[in-house]
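Colleague: structure here, sequence nowhere to be found:
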């Protein structure tokens with residue numbers, strides 16, 4: 001088995017594993033079947049649906065796998081904030097999407113709140129990961145020393161953390 005690499009060649013580095021089959025049986029004696037990827041978390045198989053409902057189910061079908069994010073304290077405006085997962089998301093494949101490009105699996109990354117980066121193909125996901133690494137490197141190299149210096153300057157001048165102004 002080959003190892004997984006990042007970047008544009010990643011699509012060819014991972015061997016295909018055999019999947020499963022889903023089956024939706026209608027009340028009109030018609031059964032639709034299809035490929036269910038090994039990574040898909042849910043099996044859409046069902047029976048006893050009307051033929052009209054069968055076509056709706058096919059149009060809405062989405063094979064999906066969730067992936068974890070990082071737990072961080074996030075705040076909106078000046079609210080106290082709360083622990084939340086950031087950079088989690090899903091890998092989605094909509095096999096019957098009208099746009100054929102939507103039939104390929106893509107990554108959708110949830111940033112925070114209602115902000116997502118959607119539709120990332122392997123190259124797009126690699127670029128997004130590189131941007132996150134570049135941001136982390138920038139925080140380490142540039143912002144961290146600036147913060148340490150700012151705190152040292154503040155502490156030297158004020159001999160402690162800032163105090164609140166008196167209430168009126």
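Modeller: Cool, the structure landed. Keep in mind that what you see is a predicted model, and the values were worked out from it rather than measured.

Colleague: helices of this protein, start to end?
Modeller: 10-13, 51-60, 122-138, 144-158 (DSSP state H).

Colleague: below-threshold pLDDT in the chain: ranges please.
Modeller: By pLDDT under 70, the low-scoring segments of the chain are 1-17, 160-168.

Colleague: show the end-to-end separation of stretch 93-111, please.
Modeller: In stretch 93-111, first residue to last residue: 20 Å (C-alpha to C-alpha, to the nearest Å).

Colleague: can you tell me what sits against it?
Modeller: Contact with stretch 93-111 is made by 34-35, 37, 40, 58-59, 61-64, 69, 85-92, 116-121, 124-125, 128, as judged by C-beta atoms under 8 Å, 6 or more residues apart in numbering. C-betas here are computed from N, CA, C, even on glycine.

Colleague: if any of the residues you listed are buried, put those into a PyMOL selection.
Modeller: Listed next is the PyMOL selection for buried residues among those, using 16 or more other C-beta atoms under 10 Å:
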select buried, resi 34+37+40+61+63+64+69+87+88+89+90+91+92+117+120+121+125
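
Colleague: one step back: need the helices of the chain in TSV (columns: distance to residue 80).
Modeller: Shown next, in TSV, are these (distance: least, C-beta to C-beta, whole Å):
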stretch	distance to residue 80
helix 10-13	41
helix 51-60	39
helix 122-138	25
helix 144-158	21
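
Colleague: which among the ones you listed is found nearest to residue 23?
Modeller: Smallest distance to residue 23 across these (C-beta to C-beta): 11.2 Å, for helix 51-60.

Colleague: buried ones in stretch 43-60?
Modeller: By 16+ other C-beta under 10 Å, the buried positions in stretch 43-60 come out as 44, 49, 54.

Colleague: ok, stretch 107-114 next?
Modeller: 107, 108, 109, 110.

Colleague: looking at those, which are in strands?
Modeller: Among the buried residues of stretch 107-114, DSSP state E puts 107, 108, 109, 110 in strands.

Colleague: which one of those is nearest residue 159?
Modeller: Nearest member of these to residue 159, counting by C-beta to C-beta, is residue 110, at 43.0 Å.

Colleague: quick check: bridge partners of that closest one?
Modeller: residue 88, residue 116 (DSSP bridges).

Colleague: about what we covered before: okay if I get the buried residues of stretch 107-114 as CSV plus distance to residue 151?
Modeller: Below are the buried residues of stretch 107-114 laid out as CSV (distance: C-beta to C-beta, whole Å):
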residue, distance to residue 151
107, 38
108, 38
109, 32
110, 32
